[in-house]
Every structure is written in structure tokens, then in C-alpha cells.
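[1] Provided below for reference: sequence and predicted model.
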Amino acid sequence: MTRIGVHVQDGDPLAQAEAVGADAVQFFLGDPQGWKAPTFPREPAALRAAFEESGVDGYVHAYYTINVASPNNRIRIPSRKLLEQQLNAAAAIGARGLIVHGGHVTAGADLDEGYDSWRKAIERIARPLPMLIENTASGDGAMARGLDAIARLWDVIGSAADDGGGEVGFCLDTCHAFASGEDLATIVARVKAVTGRIDLVHCNNSRDEFGSGRDRHAGIQVGQIDPGVLVSVVRAAGATAICETPDAAADMRWLRTELS
């Protein structure tokens, strides 16, 4: 049975997951728009023990500010430091993975520079738990917008990720894929052909039309994507699914029923 969970913004993530009957919960360890070191909703060892006892899977989403692909030293270098802090913090609480966006280079910059920066980050940052790179919705300089960009990223980081530093996996966001112009009917097979794996699905509908480049999530049953297609993506991926929607608990329950 596919494990299904919710993303929560504030408070105690495990308590919120248990309150709605979620199998998994995704959360931030601090302000997602900030640069400060991670913070914890409970003492790390206590939270780790509580997750183990509950049977709920925890996933940490890295801050949105992290952009290890940036050609700007004032962004790229702090991003590497913060990514390393987030990985260590997520491992300390027993999370199943840390999700991080692929990032981007600035307008006019060489895409190869961004991919090379990702290679260096993979080589230099130890991964005590799986680091799951998430596809993004827009941006000409994005490292993980669409399958062509993801393929380039995996070509660059593939050998570096085999250095024993820890796993690098993939998080598939359905809204982002739809917004970037990727056919969701075949997305799972095509992603796995590139990355060899899908570790987590962000099961979100889209408020905007196909190929819009807009990252605006909608409830599973009310967006521009056929809800049946989203169910098929989750089933085919065979990975835990997290709803990042306005009423994530309701969407989680609906998705669980459809998959049963």
C-alpha cells in the first residue's frame, strides 16, 4: 500500500500528522525563506524516537533560498553550507530524506556553470540521508525544469554521487512537471529512465494551464490536471506521496481511497 502524507508549515509536524492519520509528513526546519541554521520542533533525539515509535515517515524540505547552482558566490557558498546543515539536521531527527530544489543560474549565465556547481556540491557535501532533488516549474536557467534539464543534471552528478558520500534521489512534483510542459501520462517511466528512481511524489494539482511555467498548487480534484492522472502517477511511481495542497489532509484521504 502506498504511503500518503501531508506537508505542514508550522508547529509539531508529528502531532499534526497523527491528528489527520497521515502515513508521512513533510516539514521545514526553520523559515523556508531564510538563511538561518535549522531549528527543531522538539529536541532532536526525542523527535527521532517519537517518529520511530509512531510509524510515521518524516521528510524535511530544505529552504527555498538554497541555490547551489548560482554563479553568485554570495548565494552559492552559503547555500552549500546551509544544505549541509539541513542534511545533518534531518538525519538527526531520523527523517527519510531531505528534499531540495534544483536551483538555477542567473539570466545570461552559462548553464554549464550551474551544473558544474552541482557536481562540486555533490562531491563536497556528505549525505547522511538521501538527498532528493526536486523538479521545478519554470526558469530558462533552471537546473531541473523538464526532463532534458534533469537528464543533464544527472549526467553531471551521477559519477560524483557514486563517491560513497550518500544517496542522491529524486522527488517528482506533479504540478511542477505539468507547468514545465511534461506529459504526466508518461512522466514516471521517463523520469526513471533518466534517474533510475523516484523516491517521493509531491502530488499536487495546478491552478494554471499546461506549460504555464507557474508554480501554483491546487487541490487534487479542482485543478487543471485530471485527478485520475495524478492517481496513476502515484500508483506508477511506487513511492510515498505527499500532498502540498491547500487542504492537504482532505486530498490525502481522497488519494488513499482512490489507491485502495
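    Received it, and whenever you're ready, just let me know what you need.

[2] Quick one: the strands in the stretch 51-200 of the chain, in order.
    Ranges of strands in the stretch 51-200 of the chain, per DSSP state E, counting those that start in this stretch, are 57-61, 97-101, 131-134, 168-173, 200-202.

[3] Go through those strands and name the closest to residue 214.
    strand 168-173 (12.9 Å; CB to CB). The C-beta positions use only the backbone N, C-alpha and C, and glycine is treated the same way.

[4] what's the distance between that closest one and the middle of its chain?
    Centre-to-centre, strand 168-173 and its host chain are 6 Å apart (CA atoms, centre = their mean, to the nearest Å).

[5] ok so, going back, tabulate the strands of the stretch 51-200 of the chain (a markdown table), appending mean neighbour count, mean pLDDT and distance to residue 5.
    Shown next, in a markdown table, are the strands of the stretch 51-200 of the chain (neighbours: other CB atoms under 10 Å; pLDDT from 0 to 100; distance: least, CB to CB, whole Å):
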| stretch | mean neighbour count | mean pLDDT | distance to residue 5 |
| --- | --- | --- | --- |
| strand 57-61 | 24 | 98 | 7 |
| strand 97-101 | 25 | 98 | 12 |
| strand 131-134 | 23 | 98 | 14 |
| strand 168-173 | 25 | 97 | 13 |
| strand 200-202 | 25 | 98 | 10 |
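
[6] Distance to residue 250 for the ones you listed - can I get that in a markdown table?
    Below are the strands of the stretch 51-200 of the chain laid out as a markdown table (distance: least, CB to CB, whole Å):
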| stretch | distance to residue 250 |
| --- | --- |
| strand 57-61 | 20 |
| strand 97-101 | 22 |
| strand 131-134 | 23 |
| strand 168-173 | 19 |
| strand 200-202 | 16 |
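
[7] Which one of those lies nearest to residue 115?
    For these, proximity to residue 115 was assessed by CB to CB; strand 131-134 is nearest, at 12.2 Å.

[8] What pairs with the closest one, parallel or antiparallel?
    Sheet partners assigned to strand 131-134 using DSSP bridges are listed as strand 97-101 (parallel), strand 168-173 (parallel).

[9] would you list these in TSV and tack on distance to residue 33?
    Below are those laid out as TSV (distance: least, CB to CB, whole Å):
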stretch	distance to residue 33
strand 97-101	13
strand 168-173	18
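
[10] Which one, of these, ends up nearest to residue 32?
    Residue 32 lies closest to strand 97-101 among those, at 10.6 Å (CB to CB).
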